[in-house]
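# Structure for the following, please:
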Amino acid sequence: MDTIAFPIRFDSTGLQKHAHHSDEYFRQLLSFTALTEPGTHPLKPEFGVFDPSFRNTNRGAFILQASRYIPEIAITDVSTELTSASNTTFLQVTYRKVA
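This next block holds a predicted model:
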């Protein structure tokens, strides 16, 4: 099933969507995993990882959450990069489709 793109955008067909099992679809799911803190989702309070703003991303927790909630992919690498000029943390995830 296609999913609505987030942030919500519109295109010529209405709401912009990501095709099911496309790279954009998986990128969006992985970003939700990284941006959701445990306890904030009422139906799945264990979903997500803690905010990496002031510490490194817990790679093990991220991989565990991604493998639990996105079983169609296998995470092959997770790396983080902190740029001191802009104080921005980049999370790069490499995966392969398994289903």
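# Outside of stretch 42-55 itself, which residues are in contact with it?
33-41, 57-58, 61-62, 65, 69, 80, 89, 91 (Cβ atoms under 8 Å, 6 or more residues apart in numbering). Where you see a C-beta, it was placed from the backbone N, CA and C, and this is true even at glycine.
# ugh, wrong one, stretch 20-35
1-3, 5-6, 18-19, 47-49, 52, 57, 62, 65-66, 69-70, 72-73, 91, 93, 95, 97.
# what pairs with residue 88 across the strands?
Beta bridges link residue 88 to residue 83, judged by DSSP bridges.
# how near is it to residue 45?
28 Å (Cβ to Cβ, to the nearest Å).
# what's the answer for residue 26, then?
23 Å.
# Check residue 90 too.
Residue 90 is 27 Å from residue 45, by Cβ to Cβ.
# again with residue 75
22 Å.
# More neighbours: which of those two?
residue 75 (17 against 10; other Cβ atoms under 10 Å).
# That one looks like it's in a helix, true?
No. If the criterion is DSSP: H, G, I helix; E, B strand; the rest coil, then residue 75 is strand and not within a helix.
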